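# need the 3D shape of this:
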Amino acid sequence: MKFDRELMKGHLKTIILAALDDGPGHGYALIQRIRERSQDIFSLTRGTLYPALHKLEAQGLVVSIVEKPEKGPARRVYSLTVKGRKILIEHKRDWDYFSLGMNTLLKTR
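Down below sits the predicted model:
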């Protein structure tokens, strides 16, 4: 089912922080994690993910390190900071309250 992608843009920070709550990951792994955890509802492109990750890093919500594996190219791996985890908890609380209101409002009688 298709939906208005503008809805996702307003929640991109929460989507990425939630994916990182499962543990650190590089860009492609995060794209896959988001797709799998959302049951293919959210499908981010690199052009959407990387600018958002850079912004989150500038805000102090994520940090990155460059990993250099024995084989293959180096990869930047992102993880949540304490501040990022705190923001995620706040976003979860806000979402629960918002979705309760919307679900109540949209119930058919």
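# mind listing what's buried along the helix ranked longest in the chain?
When the chain is parsed with DSSP state H, its longest helix is helix 82-106. Neighbour-count burial for helix 82-106 flags 84, 87, 88, 91 (criterion: 16 or more other Cβ atoms under 10 Å). C-beta here means a position set from N, CA and C on the backbone, and glycine is covered the same way.
# against residue 75, how distant is residue 27?
Residue 27 sits 8 Å away from residue 75 when distances are taken as Cβ to Cβ, to the nearest Å.
# are we agreed that residue 64 is in a strand?
Yes. Judged by DSSP: H, G, I helix; E, B strand; the rest coil, residue 64 forms part of a strand.
# who does it bridge with?
On DSSP bridges, the residues paired with residue 64 through beta bridges are residue 78.
# got the phi/psi numbers for the residue sitting nearest the centre point of the chain?
By Cα atoms, centre = their mean, the chain has its centre lying nearest to residue 16, at 1.1 Å. Backbone geometry at residue 16, expressed as degrees, to the nearest 10, gives phi -70, psi -40.
# isn't it up against residue 51?
No. Here residue 16 lies out of contact with residue 51, judged by Cβ atoms under 8 Å, at a distance of 11.0 Å.
# need the pLDDT of residue 1.
The predicted local distance difference test score for residue 1 is 60.
# over to residue 34?
96.
# just checking, it touches residue 17?
No. Using Cβ under 8 Å, residue 34 is not in contact with residue 17; the gap is 10.9 Å.
# phi first, then psi, for residue 26.
Backbone torsions for residue 26, taken as degrees, to the nearest 10, come to phi -90, psi 170.
# OK, contacts around the residue nearest to it when sequence neighbours are not counted?
For residue 26, ignoring the flanking residues on the chain, the nearest one in space by Cβ to Cβ, 6 or more residues apart in numbering is residue 75 at 4.3 Å. Residue 75 is in contact with 26, 27, 66, 67, 69, counting by Cβ atoms under 8 Å, 6 or more residues apart in numbering.
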